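*Asks:* next one to model:
(one chain, ligands or ions: 1)
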Amino acid sequence: MERNASDEVCGSSLPPWVVMHIPHDSTSIPPEVRPQFLLTDAALVAELNRMTDHLTHAMFATRNGDAVVVRAPVSRLVVDVERFANDEDEPMASRGMGAIYSVTSSLAPLRRPLSDDERVSLMNAWYHPHHERLELAVAAAVEQHGQCLVLDCHSFPSRALPYEQDEASLHRPDICIGTDAFHTTDALVDAFTHAFSEAGWTVGINQPFSGALVPASRHLRDHRVRAVMVEVNRRLYMHEEDATPKPDFDDIAARIRACCGKAITDAFS
Ligand SMILES: [Zn+2]
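*Replies:* Coordinates of the predicted model:
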């Protein structure tokens, strides 16, 4: 296993019972899915720029110790693995943004109406296999180490998109920590808040986004499975107009990893 010496010193080498969940960093749209979308190529690229958590795999997961990474292989516009599978359980479904989006971030039509068979086939191709990988990774951590932390890794635009129920003019924090009432301990909230604050960033708790993903089989059942979400404001590390990294991306990414490492060490010590 390749390790980075400076990361070790900064405490960002994560233990093997951490499962990093990276649901939103892919921009991949499979060719067989592309015809479902009502957008021109240019409009689709612009929508991917707005909705993708760009570079979150490179930022959180690169050289990050023994943590296991579960990363969605397709864009959230294909299926959003962070949403509940059933629209009845998913609050965003009423806005056309359940696991299969029907609208864009501007609440304009995104894709043509799908048949039930088409929806099932999207979920079978991309949603369920992703959650099976997550379930297996969490089960392996619990079996081998007696515990697991799901670190749910995201980023968010500096100004709210129209689909969000958030004031676009509101000043958004640098870092958002998302929590789950059952699976996120106070020690985790305190440790993550402290680590990022100490690094000089402003931190919001469940603001502008809330929650932390836990595999369905453990949700509200298994205290050995802890979860916390970290969302990084994209203004810190990328040019939002064209989704390219800022020149100091590597430095910011190393600091983000160091904060996560320190927080986990502190929360579990
Ligand atoms: Zn996200």
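*Asks:* name the residues that touch the lengthiest helix in the chain?
*Replies:* If you go by DSSP state H, the chain has its longest helix at helix 249-268. With contacts defined as C-beta atoms under 8 Å, 6 or more residues apart in numbering, helix 249-268 is touched by 6-7, 10-15, 18, 55, 58-60, 62-65, 149, 151, 185, 187-188, 190-192, 194-196, 199, 230, 232, 236-238, 246. The way it works is simple: take the backbone N, C-alpha and C, and place the C-beta from them, glycine included.
*Asks:* just the mean pLDDT for stretch 86-103, thanks.
*Replies:* Averaging pLDDT along stretch 86-103 gives 93.
*Asks:* contacts for that stretch next, please.
*Replies:* 76-77, 79-81, 83-85, 107, 109-111, 113-114, 119, 122-123, 127, 163.
*Asks:* among these, which ones are buried?
*Replies:* 76-77, 79-81, 83-85, 110-111, 119, 122-123, 127, 163 (16 or more other C-beta atoms under 10 Å).
*Asks:* can you tell me which of the residues you listed lies nearest to the ion?
*Replies:* Minimum distance to the ion across the buried ones among the contacts of stretch 86-103 is 7.3 Å, recorded for Arg76 (C-beta to the ion).
*Asks:* tell me the contacts of the closest residue to that closest one other than its chain neighbours?
*Replies:* With sequence-adjacent residues excluded and distances taken as C-beta to C-beta, 6 or more residues apart in numbering, Arg76 is closest to His24, at 5.0 Å. Counting by C-beta under 8 Å, 6+ apart, His24 makes contact with Met51, Thr52, Asp53, Thr56, Ala72, Arg76, Asp80, Glu82, His154, Ser155.
*Asks:* quick one: the last one is in a strand?
*Replies:* In this case it means Ser155. Yes - checked against DSSP: H, G, I helix; E, B strand; the rest coil, Ser155 lies within a strand.
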